[in-house]
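In: Sequence and predicted structure below; questions after.
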Amino acid sequence: MLGPPLADFVPYPKALVLVGEIGLILLLLEAGVELDVAQLRETGTKAVGIGFTGTILPLAVGIGLALASDANIGIKSALAVGASFSPTSLGVAASALKQGKMLDTPVGQLIVSACVVDDILALILLSMFQVLVEVDPPIIAYFIPFISSIGFLVVLGGSAITWLPKCIQKVLKKVPEQHRELTMFSIMTAMLMGYLPLLHYTKSSYLTGAFLAGVTFSQIESAHHAFIKKTHQLMTWLLRVFFAASIGFQVPVMLFGDPYVIGWGFILYACVMAKFPLMCFVPQFEDVKEGASYNPFLRDRLITGLAMTCRGEFSFIIAAFALGKGLITAKIYAAIVWAVLLSCITSPFILLTLIKYFNKQQIEYLAATNPLKQKTGSDGMAPLYLHIKSTAPASWGQQEIFRKILNDMNLEVIDRRTNRHGRGMTAIVQTDLYVKDKTMNTKFQKIAGQRRIKNALKAAMDFTKEELDIFTRAIEELQKLVDDDGTAFFMQFDSNKDGVVSLNELKVGLENKLSLKLTQRQAKKVMELFDDSKNGSLQKDEMVSLGQFKYRLQSLMEGMQVKSPLDVSTKSPEKPGLVRRMSTKDLSHLSLHKLEKDAQAALEEDAREQDQIIQRGTMIEEALEKALGDASHVIVDVW
């Protein structure tokens, strides 16, 4: 509004445009720094397919519409119109996905990777325009930008994700810590100053050089964080100048009242929607239950199609370049800007609305299938829900591996989240899968049934988990106090001086000595440890020696440690983090003969069910670990 197209109030507009160009270079540098190679490997060929097809479709539609709008328009100008709609805005799409909490889902990762491929292809298209503006160039001139861009992407890009980051890291390690960030930014600036003219004079785009310089530092964890932290405020202001001056100053505001511009702006919106069919590339990440109102496959497809229609900075850049070189008229440029602005407003809004709609449907579906809401008269069985936690090195097509194995094992995916630890080729991918096992159901225990099993288990065990912790601390304290003669130690509990230590005297004495509360059962266990006569009290001849005392205490502690895995909160020693469950093997350690028959039956039935769950979980773990490789680690537990 204040620039040359309308008020012409801003002084030195060309200087502001130049500052905006610096912001554009830094934008591409930041895009390179934030490139996640592990994410590209993980999503596999689907992201590449979406990126390539998403570039070709709007290009073809744009060329056709441009030729239809004016019979005298040349093929170069038509190509410029189509190219303006080819790139998807990663920033706009990622922002909408993040707000909808879809960014770390498989479909969110697929969209981000496709946008990265899309932007790389947009850089190649931009380099092609340097030839299009020439008058009657030789045929070979049309191929030089393409060959140059691909060649540098392969050579410099390959170096940026393999050996070059390792060399930079070695240099940074030799620099004192307080100077590492300065050294890192100095190396980055030197590479940027070298890459920009190199790619410009070899007929590629200088913006590709900025992107490749950033990619080199995307593999260095400390460099990535430092760049984002130190340049955030600078980037914010430079991008404001870029969009206000470099883009805004060229927007023909006065032409927006022209019916031709408005009409063809809406028509060119078809170029935006040309990417919607890309939804067909999306694989089925989650199962679809027949007859269910919630369809995650349809959700993923619609979200991908809409996300790829988001347009942004690259569309303005290509259109402005074409206008500046005289490839398109001011009216066509205004129509392109109008269509892109419509996309910037409508696509994120529709995308967010759609995400919220499907999120609401998912909540309603989960509530309807909740086993807690089973109707009276049902068989009392509930579906088995599992949480699969996988950590594995990033590999090509990893999400496809998950999809295939889960389908083969009849596991219905309820939700899936993916995170990466580290950057680059050696990143570790953590995947959390929440699934429903369609091959088995578990008995749904009501509150009374759960209480009966809990009470029976407590009665069969010598100690509960809490009691075991308390008693273990008491044992450790006792071991510290047995330096005195064994007889003197126990006889100090003989409060009535009758030469015998009763159970009550032992309990009171230990509580006073150790400053903690012991249950009657715990005190009785200590009594049984030394009461050889089994008369319920300790006589003088049962005051054992120090060596025997330590030995019996150690035996008692080892015995309790054997039984400790019976508690469901205890971790498995084979797989840290895997919650152990009471199997029939664990049940064999308990004394069930004192229990009533119905209590015994409840415990045995529950243990048999846990056997099946453990066997099923082990089968899933082995299948995934075999597919993901030796370096993978999979844990399955009941969700």
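Out: Okay, I see it.
In: burial of His232, as a residue count?
Out: Neighbour count of His232, defined by other C-beta atoms under 10 Å: 10. No exception for glycine: its C-beta is placed from N, CA and C like everyone else's.
In: quick one, phi/psi of it?
Out: phi -60, psi -50 (degrees, to the nearest 10).
In: Number the chain from 325, please
Out: Yep, numbering from 325; the last one is His556 now.
In: pLDDT below threshold where in the stretch 825-963 of the chain?
Out: 837-840, 845-846, 866-924, 926-927 (pLDDT under 70).
In: Do a quick rundown of the strands in it.
Out: Using DSSP state E, counting those that start in this stretch, the strands of the stretch 825-963 of the chain run over 825-826, 861-862, 957-962.
In: could I get the ones you listed as TSV with mean neighbour count and distance to Met325?
Out: Listed next are these as TSV, based on neighbours: other C-beta atoms under 10 Å; distance: least, C-beta to C-beta, whole Å:
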stretch	mean neighbour count	distance to Met325
strand 825-826	21	95
strand 861-862	21	96
strand 957-962	20	58
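In: And the ones you listed: which comes nearest His711?
Out: Closest of these to His711 is strand 957-962, at 5.4 Å (criterion: C-beta to C-beta).
In: Sheet partners, orientation included, of the closest one?
Out: Partner strands and pairing direction for strand 957-962 (DSSP bridges) are strand 705-717 (antiparallel).
In: Include distance to Gln722 when you put the strands of the stretch 825-963 of the chain into JSON lines, please.
Out: Formatted as JSON lines, those follow (distance: least, C-beta to C-beta, whole Å):
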{"stretch": "strand 825-826", "distance to Gln722": "66"}
{"stretch": "strand 861-862", "distance to Gln722": "64"}
{"stretch": "strand 957-962", "distance to Gln722": "13"}
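In: Which among the ones you listed is found nearest to Ala616?
Out: Per C-beta to C-beta, nearest to Ala616 of these: strand 957-962, 23.1 Å.
In: pretty sure Asp360 contacts Ser542?
Out: Yes - with contact defined as C-beta atoms under 8 Å, Asp360 counts as touching Ser542 (7.3 Å).
In: Could you name every residue contacting both of the two?
Out: Common contact partners of Asp360 and Ser542 (C-beta atoms under 8 Å, 6 or more residues apart in numbering): Arg747.
In: Output the below-cut-off pLDDT ranges for the stretch 425-574 of the chain.
Out: Looking at the stretch 425-574 of the chain by pLDDT under 70, you get an empty list.
In: ranges for the helices of it?
Out: 430-456, 463-484, 487-498, 504-525, 530-542, 545-565 (DSSP state H, counting those that start in this stretch).
In: ranking those by burial, who's on top?
Out: Among the helices of the stretch 425-574 of the chain, helix 530-542 has the highest mean neighbour count (mean count of other C-beta atoms under 10 Å), at a mean of 26.
In: Can you report how many residues lie near Gly406?
Out: Neighbour tally, Gly406, other C-beta under 10 Å: 26.
In: which one's the longest strand in the protein?
Out: strand 752-767 (DSSP state E).
In: what are the pairing partners of it, and which direction each?
Out: Checking strand 752-767 against DSSP bridges gives partners strand 705-717 (antiparallel), strand 735-745 (antiparallel).
In: Can you name the next helix or strand after the first one?
Out: On the C-terminal side of strand 705-717, the nearest following helix or strand under DSSP states H and E is helix 722-732.
In: Next, the buried residues of that following helix.
Out: Residues of helix 722-732 classed as buried by neighbour count (16 or more other C-beta atoms under 10 Å): Gln722, Gln723, Glu724, Ile725, Phe726, Arg727, Ile729, Leu730.
In: Out of those residues, which comes closest to Arg365?
Out: Gln722 (7.4 Å).
In: mind giving me the domain ranges of the protein?
Out: 337-608+616-685, 699-773+942-962, 789-890 (automatic domain parsing).
In: The residue of the chain positioned farthest from its centre in helix, strand or coil?
Out: Farthest-out residue of the chain from its mean C-alpha position, per C-alpha atoms, centre = their mean: Asp822, at 70.0 Å. Secondary structure, DSSP: H, G, I helix; E, B strand; the rest coil: Asp822 is coil.
In: The closest residue in space to Ser617 that isn't next to it in sequence sits in which helix or strand?
Out: By the measure of C-beta to C-beta, 6 or more residues apart in numbering, the closest residue to Ser617 outside its immediate chain neighbours is Gln685, 6.2 Å from it. For Gln685, the host element (DSSP H and E) is helix 654-692.
In: hang on, the earlier thing: which one of the strands paired with strand 752-767 has the poorest average confidence?
Out: Here these differ in mean pLDDT, and the lowest is strand 735-745 at a mean of 83.
In: on that earlier part again, would you reformat the strands paired with strand 752-767 as JSON lines and include mean neighbour count and distance to Gly398?
Out: What follows is the strands paired with strand 752-767, written out as JSON lines (neighbours: other C-beta under 10 Å; distance: least, C-beta to C-beta, whole Å):
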{"stretch": "strand 705-717", "mean neighbour count": "18", "distance to Gly398": "51"}
{"stretch": "strand 735-745", "mean neighbour count": "18", "distance to Gly398": "47"}
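In: Minimum distance to Leu364: which of those has it?
Out: strand 735-745 (11.4 Å).
In: the inter-axis angle of that closest one versus helix 654-692?
Out: Angle, strand 735-745 to helix 654-692, by axes from the mean of the first three to the mean of the last three C-alpha atoms, to 10 degrees: 120 degrees.
In: Leu350 and His556, how far apart?
Out: 11 Å (C-beta to C-beta, to the nearest Å).
In: Same list, the helices of the stretch 425-574 of the chain, but as JSON lines with distance to Leu853 please.
Out: Shown next, in JSON lines, are those (distance: least, C-beta to C-beta, whole Å):
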{"stretch": "helix 430-456", "distance to Leu853": "57"}
{"stretch": "helix 463-484", "distance to Leu853": "68"}
{"stretch": "helix 487-498", "distance to Leu853": "58"}
{"stretch": "helix 504-525", "distance to Leu853": "61"}
{"stretch": "helix 530-542", "distance to Leu853": "63"}
{"stretch": "helix 545-565", "distance to Leu853": "55"}
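In: No more questions from me, cheers.
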